[in-house]
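Trainee: requesting a structural model of the entry that follows:
(one chain, ligands or ions: 1)
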Amino acid sequence: MVMDSDTPTPAKSTTLGSATYFDGTSSRRRMVTLRLAERLEIEGEQSLAAWIYADIRRADSPAGMLRLSCLSAPALARLEVRDKELANELVSRCTKIDDHMIGRRGVAAIVGWSLAAAASIVAVVLFGLPLAADRLTPLVPEAFERRLGDVADSQIKTMFDAKVCDNAAGQKAFTKLITALRESAGLDTSVQSGVLSSSLPNAFALPGGKVYLFNGLLAKAENADEIAGVLAHELGHLKHRDSMRAMIHNGGTSFLIGLLFGDITGSSALIFASRTLVTSSHSREAETDADSFAIDVMHRLGRPAKPTGELLLRVTGKEGKGLSIISTHPLSEDRLARMSRQDPPASGPPLLTSEEWRSLKSICDGKS
Ligand SMILES: [Zn+2]
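Mentor: Numbering: from 1, shown residues only. From the prediction side, this is the model:
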């Protein structure tokens, strides 16, 4: 451990050490001082970053070195620690350092789950898939679900030729909206969301805490409440892990076997399952639950749920046909009735100012 005798003695719980730091946005390599305080503070000439211990993960590294990444830092940011004592101290503070390891090092962690999964696969044969999906979903480790979500994420962007829309003013408005909803929904900051440049009128949730809105639905919306309710509905799916369930269900047995034996990333079953996350439906019960969740989230914000029902009805027509949030989310008139029932008059401030709403509507301007 490196201690600078000129600095005042740090508080008892603070440890100092040196490391090499890559900030993930440039290729520059920096020698830094690590301060193990409330968070892991990374300091060069000035303070560079502070990583939350629970977000820190082990990255592959040569022997004799601890290499770290951080979920809340840029994806390519790395810290390299060679001092063994410092490395041990870090590992003891980073309680989730190996949570994402489902390769050779994480085998032990997943064996228990695999046994449960194997037992459930027997249940698949006996009782069919829907039940298996219900049984398996609670057993899927969070880290595994996050990895699945990442794979589904990139597949969906490719399949729908969709890019993340992020012009500054639009993104600011979207962040404001989703943050209000997320907080009202009682979900933490691990939720990732964005607007994608696709003309399909749709919105969906992916395993691992992602919610996306297609620009096609935004284009048909007339005010922020309409979109807010849709996003709240997807947050409901997320909270109930419906997408994980759907992925197991739609991916079929080959997907389950892929889950058991590791490499699911190239599996055609997963590609199929990703697609169905956007184009097919959750169970009717899951939809009703997500609606109830959305209604609660909106009411807690003092905003009406009815506009969302109106948006869905406008998009789908009374028939409820077509490739849209509605083919996956049928029964719009029923749903409108449900959302309007006992909808109190708006008692909270608008979720977005009219200027922010205009910015949100044009978030995809410039993307095709
Ligand atoms: Zn839904």
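Trainee: where exactly do the strands run in the stretch 201-350 of the chain?
Mentor: With DSSP state E, counting those that start in this stretch applied, the stretch 201-350 of the chain shows strands at 203-206, 210-214, listed in chain order.
Trainee: just checking, what packs against the first one?
Mentor: Translated: strand 203-206. Packing partners of strand 203-206 (3 or more Cβ pairs under 8 Å, 6 or more residues apart in numbering; DSSP states H and E): helix 142-159, strand 210-214, helix 224-239, helix 242-261, helix 268-279. (C-beta placed from N, C-alpha, C; glycine too.)
Trainee: just the residues contacting that strand, thanks.
Mentor: Residues lying outside strand 203-206 but in contact with it, judged by Cβ atoms under 8 Å, 6 or more residues apart in numbering, are 149, 152-153, 156, 211-214, 217, 230-231, 233-235, 237-238, 242-243, 277-278, 325, 328.
Trainee: stretch 73-80 now?
Mentor: Contacts with stretch 73-80, where a contact means Cβ under 8 Å, 6+ apart, come from 19-25, 32, 34, 42, 49, 51, 55, 59, 61, 65-70.
Trainee: what subset of those is buried?
Mentor: Neighbour-count burial within those applies to 19, 21-23, 32, 34, 42, 49, 51, 55, 66-70; the criterion is 16 or more other Cβ atoms under 10 Å.
Trainee: so which of these belong to helices?
Mentor: Here DSSP state H is the test, and the buried ones among the contacts of stretch 73-80 give no hits in helices at all.
Trainee: which one of those residues sits closest to the ion?
Mentor: Ranked by distance to the ion (Cβ to the ion), these are led by D55 at 29.4 Å.
Trainee: from the contacts of strand 203-206, list the ones also adjacent to the ion.
Mentor: Judged by Cβ under 5 Å from the ion, the overlap between the contacts of strand 203-206 and the neighbourhood of the ion is nil.
Trainee: one step back: export the strands of the stretch 201-350 of the chain as CSV, with columns for mean neighbour count.
Mentor: Formatted as CSV, the entries for the strands of the stretch 201-350 of the chain read as follows, by neighbours: other Cβ atoms under 10 Å:
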stretch, mean neighbour count
strand 203-206, 27
strand 210-214, 25
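Trainee: leaving out chain neighbours, which residue sits closest to S72?
Mentor: Counting by Cβ to Cβ, 6 or more residues apart in numbering, the nearest residue to S72 once its immediate chain neighbours are dropped is D55, at 4.6 Å.
Trainee: any idea of the mean pLDDT for the helix or strand harbouring G170?
Mentor: Under the assignment given by DSSP states H and E, the secondary-structure element containing G170 is helix 168-185. Taken as a whole, helix 168-185 carries a mean pLDDT of 96.
Trainee: after it, next one along is what?
Mentor: In the C-terminal direction from helix 168-185 (assignment by DSSP H and E), the next one is strand 192-196.
Trainee: what are the buried residues along that following strand?
Mentor: So strand 192-196, judged by 16+ other Cβ under 10 Å, has buried residues 192-196.
Trainee: return the closest of those residues with respect to the ion.
Mentor: Ranked by distance to the ion (Cβ to the ion), the buried residues of strand 192-196 are led by S193 at 14.9 Å.
Trainee: contacts only, for the closest one.
Mentor: Contacts of S193 were listed using Cβ under 8 Å, 6+ apart, and they are 174, 178, 210-213, 231.
Trainee: residues in contact with stretch 291-301?
Mentor: Contacts with stretch 291-301, where a contact means Cβ under 8 Å, 6+ apart, come from 180-181, 184-185, 225, 228-230, 232-233, 235-236, 239-240, 304-305, 308, 335, 338-339, 343-344, 348, 351.
Trainee: give me the pLDDT for T279.
Mentor: If you check T279, the pLDDT there is 61.
Trainee: ditto for L76
Mentor: For L76, the pLDDT comes out at 79.
Trainee: cool, T33 as well?
Mentor: In this prediction, T33 carries a pLDDT score of 92.
Trainee: what's the distance between it and the ion?
Mentor: From T33 over to the ion the distance is 49 Å, taken as Cβ to the ion, to the nearest Å.
Trainee: could you do L313 as well?
Mentor: For L313 relative to the ion (Cβ to the ion), the value is 15 Å.
Trainee: tell me the spacing between that residue and M339.
Mentor: According to Cβ to Cβ, to the nearest Å, L313 stands 10 Å off from M339.
Trainee: in terms of neighbours, single out the busier of these two.
Mentor: For L313 versus M339, neighbours defined as other Cβ atoms under 10 Å are more numerous around M339 (25 against 16).
Trainee: wait, that one sits on G229?
Mentor: Yes. Because the distance of 7.3 Å satisfies Cβ atoms under 8 Å, M339 is recorded as touching G229.
Trainee: now for the two: what residues contact both?
Mentor: Taking Cβ under 8 Å, 6+ apart as the contact rule, M339 and G229 both touch 295, 305, 308-309.
Trainee: ok, those residues vs the ion, which is closest?
Mentor: Nearest to the ion among those, counting by Cβ to the ion, is T308 at 11.4 Å.
Trainee: mind listing what that closest one touches?
Mentor: For T308, counting by Cβ under 8 Å, 6+ apart, the contacting residues are 225-226, 228-230, 232-233, 294, 298, 339.
Trainee: and if we set it to 10 Å?
Mentor: By Cβ atoms under 10 Å, 6 or more residues apart in numbering, T308 lies in contact with 221, 225-233, 291, 294-295, 298, 335-336, 339.
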